[in-house]
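Chemist: Sequence and predicted model, in that order:
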Amino acid sequence: MTLTRFVTKNAFRNKRRSILTVFSIGGSLLLLTFLITIWRSFYDSKPTELSAQRLIVRNKVSLIFNLPSSDRQKIRSIPDVKEVVNQQWFGGQYMDDKPEHYFAQFGTDPQELLKVYPEFKLPADQIEAWQHDRAGAIVDAGLARKFGWKIGDRLNITGKIFPVNLELTIRGIFTPPDPTQSIYFNKDYIDEGFPKLKGTEGFYAVLADSPESVPKVSEAIDEQFRNADRATKTESEHAFQLGFIGMLGNIKAFIMSICLAVVFTILLVSANTMAMSIRERTREVAVLKTLGFTRNSILGLFIGEAVSLSLVGGLLGSLGCFLIVTLMASQGGYFTGMKVTPLTIVASLLIAAVVGFASSFVPSYHAARVNIVDGLRHIG
């Protein structure tokens, strides 16, 4: 009988309680792994090389306020600016308001968009067809697969922000390096249906001539419009995307608070299980001491049992989260491109091990100090 075998046998001596504990810890670790995955997807993802060259120029006050269309040429004239394109968030509804039918819609300039986003790949004939159709649109390849769209299909989108209903024709299907869940159409379509918007733009996407020029270009743009009626705020594309997320609230604090609650729950579950298990085995501790087991070895045995149970639960929870996130990402929507990384799984298992140790140390320490005579007298 090896020590490893001894720990394994004792960890599952009460199979029902051990299995329930493993599944409780597994469920908590599944949620924890899912939250860590969301955190990493939002805040730790690294921009691509071209994305690092792009800047987003928006109204300094808020995204809901537009910028003058005339700013476009002024931005273009700034040194180290390679290309500029206007964009307008439409925020319409496709089919219904179910989350699985949501995707982003942007009004833009078909002649300039692909100069700022050269990584969007689509055939030359589709580009030409889109640029010559004022009611045309190009769609993300992932969206096309999800909804079964093909070239020439009609796309009807009900306006929710602007009193305009889009009746678009799909003229191109582009393949981005990462899923965008977006469609692009000619912004003139909105201007003609809602004249009050004409002469303004939601924001500008700016492509600098190199990543090294980005800080200088950003500062120059904001300096250019510092005293204008509508001052600008220029930020990296990644920072702009996080700004959209920030509009929902303090997501960082929300995720952190739930993570802490999950860890506290795991700690209570594990501590309760180990306390009951060790209390039931007081006489066994006395017998082990009579056989020559030291305090440290008994302490190690009990802590090993707790850590083993926690790790099994953590492994089940992490793998369960991996399968769920993979399935959700394949369905498109908000979780497109999200994945559970090996580093996230390792972090979850480490948390499980730490929780197992912390929850078992105190009862294990007291059990290891039990006097042999008092332990043999114990009835429980």
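Modeler: Yes, it's here.

Chemist: Tell me which stretches of the chain form strands.
Modeler: Assigned by DSSP state E, the strands in the chain fall at 54-59, 67-68, 81-89, 104-108, 136-140, 154-157, 166-174, 182-186, 200-201, 203-208, 232-236.

Chemist: nearest to Leu315, of those?
Modeler: strand 136-140 (35.4 Å; CB to CB). To be clear about C-beta, it is placed using only N, CA and C from the backbone, and glycine gets the same treatment.

Chemist: Let's have the strands of the chain in a markdown table, adding distance to Leu260 and mean neighbour count.
Modeler: Output for those, formatted as a markdown table (distance: least, CB to CB, whole Å; neighbours: other CB atoms under 10 Å):
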| stretch | distance to Leu260 | mean neighbour count |
| --- | --- | --- |
| strand 54-59 | 33 | 23 |
| strand 67-68 | 41 | 18 |
| strand 81-89 | 34 | 20 |
| strand 104-108 | 32 | 21 |
| strand 136-140 | 36 | 25 |
| strand 154-157 | 41 | 16 |
| strand 166-174 | 42 | 21 |
| strand 182-186 | 35 | 24 |
| strand 200-201 | 42 | 21 |
| strand 203-208 | 36 | 22 |
| strand 232-236 | 30 | 21 |
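
Chemist: I'd like to know which of those is closest to Thr290.
Modeler: Checking these against Thr290 by CB to CB gives strand 232-236 as the closest, at 68.1 Å.

Chemist: same for that closest one, what does it pack against?
Modeler: Judged by 3 or more CB pairs under 8 Å, 6 or more residues apart in numbering; DSSP states H and E, strand 232-236 is in contact with strand 54-59, helix 214-224.

Chemist: looking at these, which is closest to Thr273?
Modeler: Between Thr273 and the helices and strands packed on strand 232-236, the tightest spacing by CB to CB is seen for strand 54-59, at 50.9 Å.

Chemist: tell me the mean pLDDT over that closest one?
Modeler: Strand 54-59 shows a mean pLDDT of 92.

Chemist: Same question for stretch 89-107.
Modeler: 88.

Chemist: Same question for stretch 223-236.
Modeler: pLDDT averaged over stretch 223-236 gives 91.

Chemist: Over to stretch 163-170?
Modeler: 94.

Chemist: what does that stretch contact?
Modeler: 90, 92, 105, 133, 135-139, 144, 149-159, 183, 185, 189-190, 193-194 (CB atoms under 8 Å, 6 or more residues apart in numbering).

Chemist: before we move on, what about stretch 268-279?
Modeler: Outside stretch 268-279, the residues that touch it by CB under 8 Å, 6+ apart are 14, 17-18, 21, 24-25, 28, 302, 305-306, 309-310, 355-356, 359-360, 363-364, 367, 380.
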